[in-house]
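In: Need a 3D model of the following:
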Amino acid sequence: MDMKFLMILILGVGFMFVFTAFQTMCNIEKTILYSISQEDENFKGEGYTSLAIIYLFFSLSNWLAPSFISFTGPRVAMVVGALTYTAFMITFMFPSTVLLYVGSAVLGLGASITWTGQGTYLARCSESSTISRNSGVFWALLQCSMFIGNLFVYYQFQDKTHIDKETRNLVIGVLTLIAILGIVFLAALRFMADNAEHDNELEQKHTGCGQAMYALKSAGQLFCTKKMLLLSLAFFYTGLELSFFSGVLGSAIGFTTKIAETPKEIVGLVGICIGAGEVFGGGLFGILGNKTTRYGRDPIVIAGYVMHMAAFFMTFINLPNNAPFEDTSEISYLDPPSAPIALICAFLLGLGDACFNTQIYSMLGGEYVNNAVGAFALFKFTQSVAAAISFFYSSHFGLYVQLGILVVTGTIGTIAFVIVEWSFKRQHREQEALEK
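Out: Numbering: from 1, shown residues only. Alright, predicted model coming up:
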């Protein structure tokens, strides 16, 4: 087996285990903290606020991630970042409002170097002919995390209306051990040399602080280009929809008491269905990587947009407006609310998310290979800013307003991505014509 592809597999498995812990916790955090607050009236920790802090610090520290990686390289950055995910999991064993929010901030800092390192390493292991395949394979492996953790949660939460301390600690303990296993895989990654042309200047002409400043300056210059500004609109939407399906949707379903006799157990199934969509999409685009390269990325992104719009409409008619906040017996247009429709929506959201993210990874790794560190840092910066904003307004806006925001930003982001993709296609055609 090709060594670079083997490293992609190890990278994917490492992230799969780390994010089995984190994505599962995102899905159940609101439910877990609600149970803790019922037992301890001094505990005031709020799930959406915790997630907002994570993505706020994630977004701010993304500007420093290229500088950090210029010192350490992507492998060390991913291991250090993954340790912060593990530390965050442990905070739930010692319920404290201050500890929860401090852990959230530390995780946000670690997430920036984790994801920028991942994007850089993926680009180093890929060529223009393999970037679509590698992006799809990595995404499919990563999203397998939605199966493992949420299936475990489904069985642990079964027939429970209140998540007791013993159940909470068991779930958190198991998820923490899984995150540590992921760190072991990330530590096993081999060094991969830069495959960029201009990045060599960063290594040869700059050392120490100069190298870090050069990386920061390059990211800033890239952000101000027309194409990157347009792509930022698509990045922004992926942050909003990420926060919706990872933090809001599961909670909204779990709080809708008329959707099932024990709605809390459906929260785990929601995560599984999201994961099924993500894995199916990532696997499909990994297999069809060559065709994606040939026909372009825009048809896949448009397909993802259509799936998301369908999911938003079905969520609108299925769940009540106040579902994201607390247990509610209210209904929307369907009486009673339908659990199968909710699970279909979860699958479509996962599949649509795979459409957007695999093609963004493909574009950044293929078209911005000479500044992959900066490109992936800007992607994660914009995405995490959007996620932070979303989690802040999730505590105040009803479900219907949130869905309206997603529809508008999804439309704008999709149009922006298509414009940039068409621009790259035209650029490649002109280059081919000159070479002939």
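
In: Would you mind listing the buried residues in stretch 311-323?
Out: 311, 312, 314, 315, 316, 318, 319, 320, 321, 322, 323 (16 or more other C-beta atoms under 10 Å). C-beta here means a position set from N, CA and C on the backbone, and glycine is covered the same way.

In: Likewise for stretch 401-417?
Out: Neighbour-count burial for stretch 401-417, counted by 16+ other C-beta under 10 Å, picks out 402, 403, 405, 406, 409, 410, 413, 414, 416, 417.

In: low-scoring pLDDT stretches of the stretch 251-400 of the chain, where are they?
Out: 286-294 (pLDDT under 70).

In: need the helices for it, in chain order.
Out: All helices of the stretch 251-400 of the chain, identified by DSSP state H, counting those that start in this stretch, fall at 266-287, 289-295, 298-318, 339-367, 372-394, 399-435.

In: Which residues in the fourth one does the neighbour count mark as buried?
Out: Counting neighbours by 16+ other C-beta under 10 Å, one finds that the buried residues in helix 339-367 are 339, 341-367.

In: about what we covered before: possible to save the helices of the stretch 251-400 of the chain as TSV with distance to residue 52?
Out: Below are the helices of the stretch 251-400 of the chain laid out as TSV (distance: least, C-beta to C-beta, whole Å):
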stretch	distance to residue 52
helix 266-287	20
helix 289-295	34
helix 298-318	21
helix 339-367	20
helix 372-394	4
helix 399-435	14
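
In: Of the ones you listed, which is nearest residue 10?
Out: Closest approach to residue 10 among these is made by helix 266-287 (15.6 Å; C-beta to C-beta).

In: Tally up the residues packed near residue 427, please.
Out: Residues lying near residue 427 (other C-beta atoms under 10 Å) number 12.

In: which of the buried residues of stretch 311-323 lies closest to residue 382?
Out: So of these, ranked by how close each gets to residue 382 (C-beta to C-beta), first place is residue 312, at 21.1 Å.

In: What's the separation between that closest one and residue 249?
Out: Here the distance between residue 312 and residue 249 works out to 10 Å (C-beta to C-beta, to the nearest Å).

In: Turn the buried residues of stretch 311-323 into JSON lines, columns for distance to residue 63.
Out: Supplementary listing: the buried residues of stretch 311-323 in JSON lines, determined by distance: C-beta to C-beta, whole Å:
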{"residue": "311", "distance to residue 63": "33"}
{"residue": "312", "distance to residue 63": "32"}
{"residue": "314", "distance to residue 63": "38"}
{"residue": "315", "distance to residue 63": "34"}
{"residue": "316", "distance to residue 63": "36"}
{"residue": "318", "distance to residue 63": "40"}
{"residue": "319", "distance to residue 63": "37"}
{"residue": "320", "distance to residue 63": "40"}
{"residue": "321", "distance to residue 63": "37"}
{"residue": "322", "distance to residue 63": "37"}
{"residue": "323", "distance to residue 63": "36"}
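
In: so which pair among those residues is furthest apart in space?
Out: Among the buried residues of stretch 311-323, the pair separated by the greatest distance (C-beta to C-beta) is 311 and 322, which sit 19.9 Å apart.

In: got the buried residues for the host helix or strand of residue 68?
Out: For residue 68, the element it lies in under DSSP states H and E is helix 65-72. Of all the residues in helix 65-72, those buried under the rule 16+ other C-beta under 10 Å are 65, 66, 67, 68, 69, 70.

In: Not counting sequence-adjacent ones, nearest residue to residue 363?
Out: Ranked by C-beta to C-beta, 6 or more residues apart in numbering and with sequence neighbours excluded, the top spatial neighbour of residue 363 is residue 297, at 6.1 Å.

In: Contacts only, for the closest residue to residue 281 other than its chain neighbours.
Out: On the basis of C-beta to C-beta, 6+ apart, the spatially nearest residue to residue 281 that is not a chain neighbour turns out to be residue 354, at 2.7 Å. Contacts of residue 354 were listed using C-beta atoms under 8 Å, 6 or more residues apart in numbering, and they are 139, 143, 277, 278, 279, 280, 281, 282, 285, 304.

In: cutoff 6 Å now
Out: Neighbour list for residue 354: 139, 278, 281, 282 [criterion: C-beta atoms under 6 Å, 6 or more residues apart in numbering].

In: which one among these gets closest to residue 29?
Out: Residue 29 has its nearest neighbour among the contacts of residue 354 in residue 278, at 19.1 Å by C-beta to C-beta.

In: State the number of residues packed around the closest one.
Out: The burial metric for residue 278, expressed as a neighbour count using other C-beta under 10 Å, is 30.

In: How about the contacts made by it?
Out: By C-beta under 6 Å, 6+ apart, the neighbours of residue 278 are 143, 350, 354.

In: got those as TSV, with distance to residue 231 columns?
Out: Rendered in TSV, the data for the contacts of residue 278 read as follows (distance: C-beta to C-beta, whole Å):
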residue	distance to residue 231
143	22
350	22
354	18
